[in-house]
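# sequence unknown, structure follows:
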């Protein structure tokens, strides 16, 4: 089991109290698995991704453990985590456009990064990997401003995986790109796994139809908790959680026109996580809600590899 | 109602403005009353520049934009123009001043356009406008921007435009910052406004959104029209290789990219297809650079004849083989 997260809680400190952005999540990612992590803004998906690599100043580790390849990650200890970063866990940040130093040529910047990690010069390997993502080695002699958005994104992807991490987290890497670059970036991610550069991967996104293209399994989050995890095919064709069902039904597809079939959104808003209500957090918006929903449903397995947090899913 | 005729935009770039960059060249299409026209293109295709020119935020370099036959740059009183044409943009959060309550945008409209309106009458109008975008006035009035969600803020901006009783709305990527569950509500809202006779220019890079809501589609590529026509025709029977490659790249539920014929074969097929523009009879080339292949369905040349279309196909092929290597 590559990654095992048990009852992880991460809260944000704010002036009005603690925001429970991640409130007890338990799941695992197998070796070689690409897991899509989907949810709306404020569902805690980015918090989960971030807390596996670095908690920023406002985030507090309130409980739970993270285990990677049998070793526990000291996520609350910023210094101790340094040993794991990039070697064991690596992240492709959301705005990779701004992750590159504008005053350095790409080659020089990567060289400095490697030196800082105590890795001997890896130019040959770097060039080989650039070629793998479809970039020529000329980019090493260029400044970030000379590259297009999709190219910068791929440079950052190469840099993030240079030390062959066990777990790669891709945080909304395709959101700012055009459809054709989206496809190129997504297939590159798939290539990383297939070439064994990374063992397993978590692809964080709000776009279910995109993650469906590359992920083996998809995990859906809602208001700081897990709603459903299932193989990608199952989650899209036969979701069990009412939230996932409505979410999938609200996606317009090429070929659907509103005159023929008017889609509907999900009425209402997610609850505030400053002081979240007890029980199932989706129940105010849920068409199936009944008395038992006042009690938090367990994230239980309803079919092999298919976990749902809903009383009505059994 | 709105008509663009051979519109071009040339930007001066470089240190001393020495070089010229043609962002839009020779674009012509119309938006009628009660019609949604979606303008689809990738970044750099000039779609936002066209939106900005229609909103008079950017000057037109060549050609004319007319509203009811009147050149919009000849309308001296900008206010008079903005009474009829308004825009809503991508990021609703940056359209509000966080220091003031969100409904200040309505008060500013009153100050500027309706100084004579009575307080009670005005409040009624604001409430009606909010209801028309399906917001509960009691829920949003008096709140600060950070207390409202992106979807609510975006709908307030649309309500602000509706207050002016406009005839044309330029919606530039208004959906892309919203969550999947509220996205569709804003799209349905555009469809409802359309039914009330509002013309909408819907600028987007997302083909599925454009397809869902629009009557006609204009596909832009490098500042030129590649293909345009009724949405079912453009999406159902794309005649330009660029439109086909865009459609193939859209991620879909229920169909994986790998289930589609491998890109190699698709590219080969594209190579064999003749350029729709050059195949068309001479008399069907009714617009400059565009041939009418079906009723109202126009297509441009595949790009410098057959060779360029093939080159495009080869390029995507090379890109794919590199990635799979």
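Perfect, thanks for sending it. It should be emphasised that the depicted structure is a prediction, and the values quoted were computed from it without experimental measurement.
# Low-confidence bits of chain B, can you list those?
B:259-273, B:303-325 (pLDDT under 70).
# Strands along that one, start to end?
For chain B, the strands defined by DSSP state E occupy B:2-13, B:19-31, B:36-40, B:62-67, B:70-71, B:85-88, B:168-172, B:199-204, B:216-221, B:224-230, B:290-294, B:297-300.
# How about the third one and chain A, any contact?
In this case it means strand B:36-40. No. Judged by Cβ under 8 Å from any Cβ of the partner chain, strand B:36-40 makes no contact with chain A; its nearest approach is 9.8 Å. For the C-beta atoms, the positions are set from N, CA and C on the backbone; glycine is no exception.
# Which elements pack onto that strand?
Applying 3 or more Cβ pairs under 8 Å, 6 or more residues apart in numbering or on different chains; DSSP states H and E, one finds that strand B:36-40 contacts strand B:19-31, helix B:47-54, helix B:180-195, strand B:199-204, helix B:207-213, strand B:216-221.
# Now tell me what touches it from outside.
Contact with strand B:36-40 is made by B:29-31, B:47, B:50-51, B:190-191, B:194, B:199-205, B:207, B:209-211, B:213-220, B:231, B:246, as judged by Cβ atoms under 8 Å, 6 or more residues apart in numbering or on different chains.
# between that strand and strand B:199-204, how many degrees?
On the basis of axes from the mean of the first three to the mean of the last three Cα atoms, to 10 degrees, strand B:36-40 is oriented at 20 degrees to strand B:199-204.
# can you give me how far strand B:36-40 is from the chain middle?
Its chain's average C-alpha position is 5 Å from that of strand B:36-40, according to Cα atoms, centre = their mean, to the nearest Å.
# List the neighbouring strands of it plus their orientation.
Sheet pairing of strand B:36-40 (DSSP bridges) gives strand B:199-204 (parallel), strand B:216-221 (parallel).
# Same question for the first one.
Within its sheet, strand B:2-13 is paired with strand B:19-31 (antiparallel), strand B:62-67 (antiparallel), according to DSSP bridges.
# between it and strand B:168-172, how big is the angle?
Using the same axes, to 10 degrees: strand B:2-13 against strand B:168-172 is 40 degrees.
# could the strands paired with strand B:36-40 go into a markdown table alongside mean neighbour count?
Below are these laid out as a markdown table (neighbours: other Cβ atoms under 10 Å in any protein chain shown):
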| stretch | mean neighbour count |
| --- | --- |
| strand B:199-204 | 25 |
| strand B:216-221 | 24 |
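# got the contact list for residue A:239?
Residue A:239 touches A:228, A:230, A:245, A:248, counting by Cβ under 8 Å, 6+ apart.
# could you redo the last one with a cut-off of 10 Å?
Counting by Cβ atoms under 10 Å, 6 or more residues apart in numbering or on different chains, residue A:239 touches A:208, A:218, A:220, A:227-228, A:230, A:245-249, A:306, A:308, A:313.
# For ChimeraX, write a command that selects the buried ones of those.
The ChimeraX command for the buried members of the contacts of residue A:239 (criterion: 16 or more other Cβ atoms under 10 Å in any protein chain shown) is given here:
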select /A:208,218,220,227,228,230,245,246,247,248,306,308,313
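# Also near chain B: which of the contacts of residue A:239, exactly?
Taking Cβ under 10 Å from any Cβ of the partner chain as the test, chain B is in contact with A:208, A:246, A:247, A:248, A:249 out of these.
# Could you identify the most distant pair in the residues you listed?
Greatest spacing in these, by Cβ to Cβ: A:208 and A:246 (12.0 Å).
# Can you check which residues contact both of these two?
The contact lists of residue A:208 and residue A:246 share A:239, B:180, where a contact means Cβ under 10 Å, 6+ apart.
# So which residues of the stretch 201-314 of chain A form helices?
A:208-214, A:232-237, A:242-249 (DSSP state H, counting those that start in this stretch).
# ugh, wrong one, I meant the stretch 51-200 of chain A
Assigned helices in the stretch 51-200 of chain A, in chain order: A:78-81, A:106-116, A:123-132, A:149-160, A:179-194 (criterion: DSSP H, counting those that start in this stretch).
# Of all the ones you listed, which one comes closest to chain B?
For the helices of the stretch 51-200 of chain A, distance to chain B was read as Cβ to the nearest Cβ. The smallest value, 4.5 Å, belongs to helix A:179-194.
# list the buried ones in that closest one?
Using 16+ other Cβ under 10 Å as the test for burial, helix A:179-194 gives A:179-193.
# if we can go back for a sec, deepest in the core, which of the strands paired with strand B:2-13 is it.
Each of the strands paired with strand B:2-13 was scored by mean neighbour count; the highest is strand B:19-31, a mean of 19, by mean count of other Cβ atoms under 10 Å in any protein chain shown.
# how far is that strand from where the chain is centred?
Its chain's C-alpha centre and that of strand B:19-31 lie 14 Å apart, by Cα atoms, centre = their mean.
# re the thing from before, out of the ones next to chain B among the contacts of residue A:239, who's nearest chain B?
Set against chain B, the nearest of those by Cβ to the nearest Cβ is residue A:247 (5.9 Å).
# Hmm, the closest one is touching residue A:241, no?
Yes. Counting by Cβ atoms under 10 Å, residue A:247 does reach residue A:241; the two are 9.0 Å apart.
# any shared contact partners between the two?
Common neighbours of residue A:247 and residue A:241 (Cβ under 10 Å, 6+ apart) are A:220, A:222, A:227, A:228.
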